[in-house]
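1. got a structure for you, letters missing:
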């Protein structure tokens, strides 16, 4: 159903033109709430207006005291200049970094120094994000050089009185960026002041610069010790000119009117340091190209005027979406769906990533991920075998579950309720570095993504009964694949976990023994797998039916009864698929049981202590939308602030994803144990103790309330 629409739109979109937008946007140092972002926003608005779209730039107050839902905002920052010099005894000052040469080399929102700069001793650490590295080290009034995660480094150094930090870290990215893969790149890092807190300046060096500097300083110290002398005093001088003030977050908004008050949304974030081409000049450029093509085709009569309006937003990531949504909450209910474009244009050969359609989280019933996957399938096609008789994808691509990390995670929160998938390319070898330049962007794939994005939003803007039934059928068809994956994870894996993969052995194992494990342990594992699998089948069937039913939103009221009957037929088919999968999967478990000589599986184990505690707690969210934690820690006393930072850093992977998924399931009625059940079904991980500890912290921060279960 999407093929002809994609082809028609594809003839009107140009990857070359979109790539010219990338080059222009990449020339701006467009950090959130800065003049560079404002200038980039005005440029993008001008392009959209030149293409005939109704466009405006909206300003939302930003700064200490301004909060949108659970998101605090930073002061407006004007960075004018910044230079960092190395001072060694008997030598001329040596410049290490300069804002005028490379904007990314000075951390955004760096504090200004006194006129003429500030000179301070330099402390060198291997890793600045290692709390133990600061033990016994006096950093008060000094500048600290360290590797590791810049956010944690900043926190640890500043709470101990450092006046500045220097980071030389470019983190590894599995399958894309091994250590020292791009030694001359500079990593994007920034400060994020939202409340009264210790502030400082910061600079970033490349890994090669850092390694050379560390080696030089080590050699100086070694030679001094060989001579019986005290190692020379190493200092740096920093000169930073910058201003903080009350300001605004700028959001570019363009609109194509529809025939009703319903709308479809497309969003891309415009921020990040110069150049930041793939992240995310590419998403903004694809959005502008898609918007211009649709507007032109509608006005020229090549496409019918849409039933629903099409709204396009270019935002400072997260902040702009929070601000835009919270200032006019009534409009949210008019949006039937959205699409987020983030890092969509990378040259796969250079950047080593794949083109992904990322679904919304499972807590929000949604057809959106399915529709995006079908649209993207059109975009990646085109390659043919040697004889030309068979087609196959021309680009690496996949359809993946929700991971978050961009503006779609706000829109798809059930408290907001706008099903919004994302197009992204990941991993990216040059992600968040000075080497993310326009030369890493492929105009061909950028053009295809522009057409796919336009196809997705226009389909939703036009969809009625026929399109909704087709889409519901597509959603329902995905159940069988999800059930197969569950069989593989829980049931086929049972054979391997029990130590008896492959065909049945010619001799039976000794009773009570299997693969070196005691039979009770093996039996308990099989019982747990069987119970988890049965729950997963029920979960997948129930959620997929809700996903299919969510297309009812697209159908005119007079035909919703007809759709309900159609959905009933889909439900019957899905019941049969679920029953077959359950029988097949549990049959595999029984096979493993028989081969291991286990006469009877034990009953499921009782709840773990953490689950028992979680059964008595009902988390109640206090803010609409997911939480943006920056700044909230300042509400804690210093000692608790340190402990909270340690918790967030220790569990950083869980905080970024699993905690977000858990928040989506918190509806004010489910116990935390029930939330943990849902998270396990969605992600395959059960981390109840972590959820309890995290919710306790959020309660202390005033972001959540834990009520006793009734």
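-> Yes, it's here. Because the structure is a prediction, the values reported are computed rather than measured.
2. any idea how far stretch 402-417 is from the chain center?
-> 9 Å (Cα atoms, centre = their mean, to the nearest Å).
3. my bad, stretch 199-216
-> With Cα atoms, centre = their mean, you get 28 Å for stretch 199-216.
4. helix/strand/coil for residue 605?
-> Recorded secondary structure, residue 605: coil (DSSP: H, G, I helix; E, B strand; the rest coil).
5. ugh, typo on my part, it should be residue 340
-> Per three-state DSSP, residue 340 ends up strand.
6. Please apply the same query to residue 199.
-> Under three-state DSSP, residue 199 comes out as coil.
7. Contact partners for it?
-> Counting by Cβ atoms under 8 Å, 6 or more residues apart in numbering, residue 199 makes contact with 111, 158, 191, 193. The way it works is simple: take the backbone N, C-alpha and C, and place the C-beta from them, glycine included.
8. any idea what sits nearest the residue positioned nearest the centre of the chain, other than its immediate chain neighbours?
-> The centre of the chain sits closest to residue 405, judged by Cα atoms, centre = their mean, with a distance of 1.7 Å. In space, and not counting its chain neighbours, residue 405 is closest to residue 656: 6.9 Å by Cβ to Cβ, 6 or more residues apart in numbering.
9. Do I have it right that the one you found meets residue 406?
-> No - Residue 656 is not in contact with residue 406 according to Cβ atoms under 8 Å; the separation is 11.7 Å.
10. need the contact list for residue 483.
-> 537, 540, 577-578, 581.
11. what's the spacing between it and residue 202?
-> Distance, residue 483 to residue 202, using Cβ to Cβ, to the nearest Å: 50 Å.
12. Residue 146 too?
-> In terms of Cβ to Cβ, residue 146 sits 11 Å off from residue 202.
13. any idea which element residue 194 lies in?
-> Per DSSP states H and E: residue 194 is located in neither a helix nor a strand.
14. go on, residue 678?
-> Per DSSP H and E: residue 678 is located in helix 672-683.
15. by contact count, what packs against the helix or strand following that helix?
-> Note on helix 672-683: by DSSP H and E, the next helix or strand toward the C-terminus is helix 688-700. Taking 3 or more Cβ pairs under 8 Å, 6 or more residues apart in numbering; DSSP states H and E as contact, the helices and strands that helix 688-700 lies on are helix 609-615, strand 617-621, helix 638-650, helix 659-665, helix 672-683, strand 704-708.
16. now the helices for the stretch 51-200 of the chain?
-> 150-159 (DSSP state H, counting those that start in this stretch).
17. how about the helices and strands packed on helix 688-700, which one is nearest residue 304?
-> For residue 304, the closest of the helices and strands packed on helix 688-700 is helix 659-665, at 35.8 Å, according to Cβ to Cβ.
18. quick one: contacts of that closest one?
-> 361, 363-364, 402, 404, 409, 413-414, 621, 626-627, 674-676, 678-679, 682-683, 690-691, 694.
19. Tell me what angle the helix holding residue 678 forms with helix 688-700.
-> Between helix 672-683 and helix 688-700, the angle comes out at 120 degrees (axes from the mean of the first three to the mean of the last three Cα atoms, to 10 degrees).
20. Quick check, residue 559 in contact with residue 466.
-> No - if you go by Cβ under 8 Å, residue 559 and residue 466 don't touch, sitting 9.8 Å apart.
21. before we move on, the earlier item: so which of the contacts of residue 199 sits lowest on pLDDT?
-> Lowest pLDDT among those: residue 193, with 90.
22. Which strand or helix spans residue 572?
-> Going by DSSP H and E, residue 572 is part of helix 560-595.
23. Could you tell me how far stretch 263-282 lies from the centre of the chain?
-> Using Cα atoms, centre = their mean, the offset of stretch 263-282 from its chain centre is 13 Å.
24. First-to-last residue distance for that stretch?
-> End-to-end distance for stretch 263-282, by Cα to Cα, to the nearest Å: 24 Å.
25. What mean pLDDT does it get?
-> 98.
26. show me where pLDDT drops low in the stretch 151-300 of the chain?
-> For the stretch 151-300 of the chain, no stretch is flagged by pLDDT under 70.
27. make that the stretch 501-650 of the chain, sorry
-> 501-519.
28. Find me whatever residue is spatially closest to residue 230, sequence neighbours aside.
-> Residue 230's closest residue in space is residue 224 (Cβ to Cβ, 6+ apart), at 6.6 Å.
29. In contact with the one you found, which residues?
-> 230-232.
30. mind checking the SS state of it?
-> Strictly by three-state DSSP, residue 224 counts as helix.
31. Please work out the average pLDDT along the helix holding residue 678.
-> For helix 672-683, the mean per-residue pLDDT is 98.
32. Strand 617-621 and that helix, what's the angle between them?
-> Going by the same axes, to 10 degrees, helix 672-683 makes 70 degrees with strand 617-621.
33. now the angle between strand 704-708 and helix 672-683, please.
-> If you take the same axes, to 10 degrees, helix 672-683 sits at 120 degrees to strand 704-708.
34. Report the buried residues of the helix or strand encompassing residue 526.
-> Using DSSP H and E, residue 526 sits in helix 519-549. Under the neighbour-count criterion of 16 or more other Cβ atoms under 10 Å, helix 519-549 has 519, 522-534, 536-537, 539-541, 543-545, 547-549 buried.
35. so how far is the helix or strand hosting residue 323 from its chain's centroid?
-> Assigning secondary structure by DSSP H and E places residue 323 in helix 319-326. Between the mean C-alpha location of helix 319-326 and the chain-wide mean there is a distance of 17 Å, by Cα atoms, centre = their mean.
36. what comes into contact with that helix?
-> Looking at what lies outside helix 319-326 - Cβ under 8 Å, 6+ apart - the contacts are 32-33, 58, 60, 62, 68-71, 73, 249-251, 253, 267, 269, 313, 315, 332, 407, 410-411, 416, 624-625, 628.
37. Same check on stretch 445-452?
-> So stretch 445-452 is in contact with 6, 9-10, 13-16, 18-19, 22, 282, 285-286, 289-290, 293, 341, 344-348, 355, 375-376, 378-380, 395, 423, going by Cβ under 8 Å, 6+ apart.
38. buried subset of the residues you listed?
-> Here, 16+ other Cβ under 10 Å leaves 6, 9-10, 13-15, 18-19, 22, 282, 285-286, 289-290, 293, 341, 344-348, 355, 375-376, 378-380, 395, 423 buried among those.
39. How is this structure partitioned into domains?
-> With domains defined by automatic domain parsing, the chain comprises 3-73+247-463, 76-245, 466-595, 609-708.
40. and among those domains, the most buried is which?
-> Comparing the domains of the chain by mean neighbour count (mean count of other Cβ atoms under 10 Å), domain 3-73+247-463 ranks first with a mean of 22.
41. got the end-to-end distance for it?
-> Counting by Cα to Cα, the terminal residues of domain 3-73+247-463 are separated by 15 Å.
42. The nearest residue to residue 370 once chain neighbours are set aside: which element?
-> Counting by Cβ to Cβ, 6+ apart, residue 370 lies nearest to residue 475, which is 4.8 Å off, once chain neighbours are set aside. Assigned by DSSP H and E, residue 475 belongs to helix 465-486.
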